[in-house]
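Novice: any chance you can model this:
(chains A and B)
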Amino acid sequence: MSTTTKPVNQKAWFLILPMLICVAFSAILPLMVVVNYSVQDIISPERRVFVGTEWFAAIMRDEELHGALFRQLTYSFSVLAVELPLGILLALAMPAQGWRSSAVLVIVSLSLLIPWNVVGTIWQIFGRTDIGLMGAALLGLGIDYSYTGNPVHAWLTVLLMDVWHWTPLVALLGYAGLRSIPDAYYQAASIDGASKLDVFWYVQLPKMRGVLMIAVLLRFMDSFMIYTEPFVLTGGGPGNSTTFLSQFLTQKAVGQFDLGPAAAFSLIYFLIILLMCFILYNWMQRVGTQEKEGGHE
Amino acid sequence: MNKPKFQKRSLFMIAYVVFALLPIYWMVNMSFKTNNEILAGFSLFPQHFTWDNYKTILTDPAWYSGYINSLIYVGINTVISLTVALPAAYAFSRYSFLGDKHVFFWLLTNRMTPPAVFLLPFFQLYTSVGLMDTHIAVALVHLLFNVPLAVWILEGFMSGIPREIDETAYIDGYSFPRFFLTIYLPLIKAGVGVAAFFCFMFSWVELLLARTLTSVNAKPIAATMTRTVSASGMDWATLAAAGVLTIVPGAIVIWFVRNYIAKGFAMGRV
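Specialist: Model prediction:
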């Protein structure tokens, strides 16, 4: 929200009331249910025992969970490390005007519009060595590729799929940021005799900071919650190599019907995401202001 | 602009476009083959071109009803999201009031909640109120992540409109609803378009919640696609054709808002 002075008007609450009711119905009620379950042992709908923080303690010690959390963190940071630079490069390379700009925008956005399980299905076929283009090509290059048998290949395939699926989001955001830079900035830079790299470092990057922050937060949250794509592509395997947190949770909640532990896990999961987003947000805010000061020197 | 730099840039762009389109091409390619041809071996083009897979989907109610169900709940969701997000975004962009920043942050945290966390409560909540397997249930659940996003985008657009316009209208004797509908809304048309696009997109691609809350009557197309494993093995050809058809609505929508998408992100937040 902008920080300019706005008139104080408590009646504005009436304007946000319908929105509050809607979101509360689909957020607060379920959250309360989760909190309620997390402190009980539900043996059957009629028989439930209050267990306090027992589930939380059990979950924190769960070795499988540690594994899933570690895989999740590695995965999410790999996603950011690949998609952010690639997305910025793409934003810089996208044509600014004309029919080519429209065409590129539509083609680039296409992957965002595919239902997530269809994304999984596409890559499932695409990566098969007998009938898929990528699988066959890799085999042709002499790589013994198999996303169902080799954990490393499976992990890399899921990562590549995510890069294909979500880099466009970073690119679109970066593109929007670039288009909003006034020409005067570029003219000033060329008078100063700035090189392309200087322009990027002192003009384009600081100006893209706001949108890139949204990109980092959105990509981080969404990759941390990833479920459908790896579920369809690899089913979490081979072994546990692509079982991320969401899938671990869904297995517990729906598969084994362990309501209590699943609820406790849900809350921990939610808090981890909140914490990471908070840290990322503040860190980027600081980096951004330092860059700005550097630009004014 | 110096020449070699430009060529390098174009090359990168073309390389990415190829990378983006190859998996989609492969699915389109498969959708025009028969199952036998797909499994028989590798071929870059369909050798026996056929429309049969598309005919199957468009004539079998089990298939095409999935598309209708998805479109219904996505439509309901988009309408509700925008209706409640518009006044809220206006309040956030124009006034300061007790707890405004906290409410705004709380809204965004809803966007951060993994749907898997709420899977079970939703299931029980909607079972107990008898809304299971209805379009409205899925539409309501998708409000969880669409309303925050719509408020976020609309707030950006609204902050770009000078406040003098509001004040002039009030001095001229416009009531709030009349001002909002006849003057303000046309000014932020583009913002409404972009917000609608994003609501449409996120509701259209979500599977986990939609699948959990539906079984027969409101089953979305994405869920229909997960259950195509039959006695004779995977029906790859029909699956590919169904996948191609799921891209179509989104592609149509994006064509209409392509000029505003980039702006929608940038407004008020750069």
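Novice: poorly predicted segments of the stretch 151-270 of chain B, please.
Specialist: B:226-234, B:261-270 (pLDDT under 70).
Novice: in it, which residue sits nearest chain A?
Specialist: Closest approach of the stretch 151-270 of chain B to chain A (CB to the nearest CB) occurs at residue B:250, with a separation of 3.0 Å. From N, CA and C alone the C-beta is placed, and that goes for glycine too.
Novice: would you agree that residue falls within a strand?
Specialist: No: going by DSSP: H, G, I helix; E, B strand; the rest coil, the assignment for residue B:250 is helix, not a strand.
Novice: all helices of the chain, in order?
Specialist: Chain wasn't specified; assuming chain A. A:12-38, A:54-61, A:63-93, A:98-109, A:116-126, A:133-140, A:151-179, A:183-191, A:196-198, A:205-224, A:228-233, A:245-250, A:259-296 (DSSP state H).
Novice: actually, chain B is the one I wanted.
Specialist: B:3-31, B:35-40, B:52-59, B:61-94, B:100-112, B:115-128, B:135-159, B:164-171, B:176-179, B:185-187, B:189-205, B:208-212, B:221-226, B:236-266.
Novice: hmm, who's touching the shortest one?
Specialist: In other words, helix B:185-187. B:86, B:161, B:165, B:192 (CB atoms under 8 Å, 6 or more residues apart in numbering or on different chains).
Novice: can you flag the buried ones in these?
Specialist: B:86, B:161, B:192 (16 or more other CB atoms under 10 Å in any protein chain shown).
Novice: let me see the contact set for the nearest residue to residue B:22 once chain neighbours are set aside.
Specialist: Leaving out its chain neighbours, the residue that sits closest to residue B:22 by CB to CB, 6 or more residues apart in numbering or on different chains is residue A:133, at 6.4 Å. Contact analysis of residue A:133 by CB under 8 Å, 6+ apart lists A:126, B:22-23, B:26, B:44.
Novice: show me the two of those that sit farthest apart.
Specialist: B:23 and B:44 (14.1 Å; CB to CB).
Novice: let me see the contact set for residue 260.
Specialist: Just so you know, I chose chain A. So residue A:260 contacts A:37-42, A:51, A:55 (CB under 8 Å, 6+ apart).
Novice: if you could check chain B rather than the one you did, that'd help
Specialist: Contacts of residue B:260 by CB under 8 Å, 6+ apart are B:190-191, B:193-194.
Novice: what's the local residue count around the residue nearest to residue A:90 when sequence neighbours are not counted?
Specialist: Excluding the flanking residues, the one nearest residue A:90 by CB to CB, 6+ apart is residue A:171, at 3.9 Å. The tally of other residues near residue A:171 (other CB atoms under 10 Å in any protein chain shown) stands at 26.
Novice: from residue A:62, how far off is the residue of the stretch 151-270 of chain B closest to chain A?
Specialist: From residue B:250 across to residue A:62, the span is 39 Å (CB to CB, to the nearest Å).
Novice: more neighbours: those two, which one.
Specialist: Neighbour totals were compared for residue B:250 and residue A:62, and residue B:250 leads with 20 against 16 (other CB under 10 Å).
Novice: quick check: the more buried one touching residue A:111?
Specialist: No: Residue B:250 lies out of contact with residue A:111 (CB atoms under 8 Å); the separation is 10.2 Å.
Novice: if we can go back for a sec, comparing residue B:23 and residue B:44, which residue is more hemmed in?
Specialist: More neighbours surround residue B:23 than the other of residue B:23 and residue B:44, with 24 against 10 (other CB under 10 Å).
Novice: surely that one is in contact with residue A:164?
Specialist: Yes: if you go by CB under 8 Å, residue B:23 and residue A:164 touch, sitting 6.6 Å apart.
Novice: identify the contacts common to these two.
Specialist: residue A:123.
Novice: what's the closest non-adjacent residue to residue A:245?
Specialist: Per CB to CB, 6+ apart, closest to residue A:245 is residue A:72, 4.7 Å.
Novice: state the distance from that neighbour to residue A:164.
Specialist: With CB to CB as the criterion, residue A:72 and residue A:164 are 20 Å apart.
Novice: check what pLDDT residue A:88 gets.
Specialist: We have a pLDDT of 92 for residue A:88.
Novice: pull the contacting residues for it.
Specialist: Residue A:88 touches A:170-171, A:174, A:208, A:212, counting by CB under 8 Å, 6+ apart.
Novice: among those residues, find the lowest-pLDDT one for me.
Specialist: residue A:208 (79).
Novice: which non-adjacent residue is nearest it?
Specialist: Nearest one to residue A:208, counting by CB to CB, 6+ apart, is residue A:177 at 3.8 Å.
Novice: report how many residues lie close to the one you found.
Specialist: Residue A:177: 27 neighbours (other CB under 10 Å).
Novice: do residue A:192 as well
Specialist: Counted with other CB under 10 Å, residue A:192 comes out at 10.
Novice: just checking, the residue nearest to residue A:90 touches residue A:92?
Specialist: No: using CB under 8 Å, residue A:171 makes no contact with residue A:92, being 9.3 Å away.
Novice: out of the buried ones among the contacts of helix B:185-187, who's nearest residue A:83?
Specialist: residue B:192 (29.0 Å).
Novice: I'd say that closest one and residue B:150 touch.
Specialist: No: using CB under 8 Å, residue B:192 is not in contact with residue B:150; the gap is 9.2 Å.
Novice: need the residues touching each of the two.
Specialist: Contacts common to residue B:192 and residue B:150, judged by CB under 8 Å, 6+ apart, are residue B:82.
Novice: dump the residue contacts of the spatially closest residue to residue A:247 that is not a sequence neighbour.
Specialist: The shortest distance from residue A:247 to any non-neighbouring residue, by CB to CB, 6+ apart, is to residue A:236 (5.3 Å). Taking CB under 8 Å, 6+ apart, we find residue A:236 in contact with A:230, A:242-244, A:247.
Novice: mind putting these in CSV, distance to residue B:60 included?
Specialist: Output for these, formatted as CSV (distance: CB to CB, whole Å):
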residue, distance to residue B:60
A:230, 30
A:242, 33
A:243, 35
A:244, 35
A:247, 31
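Novice: considering those, which possesses the most neighbours?
Specialist: For the contacts of residue A:236, neighbours tallied by other CB under 10 Å; top is residue A:230, 27 neighbours.
Novice: so it touches residue A:248, yeah?
Specialist: No: between residue A:230 and residue A:248 there is no contact under CB under 8 Å: 11.5 Å.
Novice: and the residue of the stretch 51-200 of chain A closest to chain B?
Specialist: For the stretch 51-200 of chain A, CB to the nearest CB, closest residue to chain B: residue A:113, 3.0 Å.
Novice: how far out from the middle of the chain is stretch A:23-33?
Specialist: 23 Å (CA atoms, centre = their mean, to the nearest Å).
Novice: which residues of the stretch 1-150 of chain B score low on pLDDT?
Specialist: B:1-6.
Novice: now do the stretch 101-250 of chain A
Specialist: For the stretch 101-250 of chain A, no range has pLDDT under 70.
Novice: can you put the contacts of helix B:185-187 in a markdown table and add distance to chain A?
Specialist: Compiled in a markdown table, those are given as follows (distance: CB to the nearest CB, whole Å):
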| residue | distance to chain A |
| --- | --- |
| B:86 | 9 |
| B:161 | 12 |
| B:165 | 15 |
| B:192 | 15 |
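Novice: what's the domain layout of chain A?
Specialist: A:13-52, A:63-296 (automatic domain parsing).
Novice: deepest-packed of those, please.
Specialist: domain A:63-296 (a mean of 18; mean count of other CB atoms under 10 Å in any protein chain shown).
Novice: what residues are up against residue A:237?
Specialist: By CB under 8 Å, 6+ apart, the contact list for residue A:237 reads A:148, A:154, A:243.
Novice: columns distance to chain B on top of the residues you listed, output as a markdown table?
Specialist: Shown next, in a markdown table, are the contacts of residue A:237 (distance: CB to the nearest CB, whole Å):
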| residue | distance to chain B |
| --- | --- |
| A:148 | 14 |
| A:154 | 17 |
| A:243 | 13 |
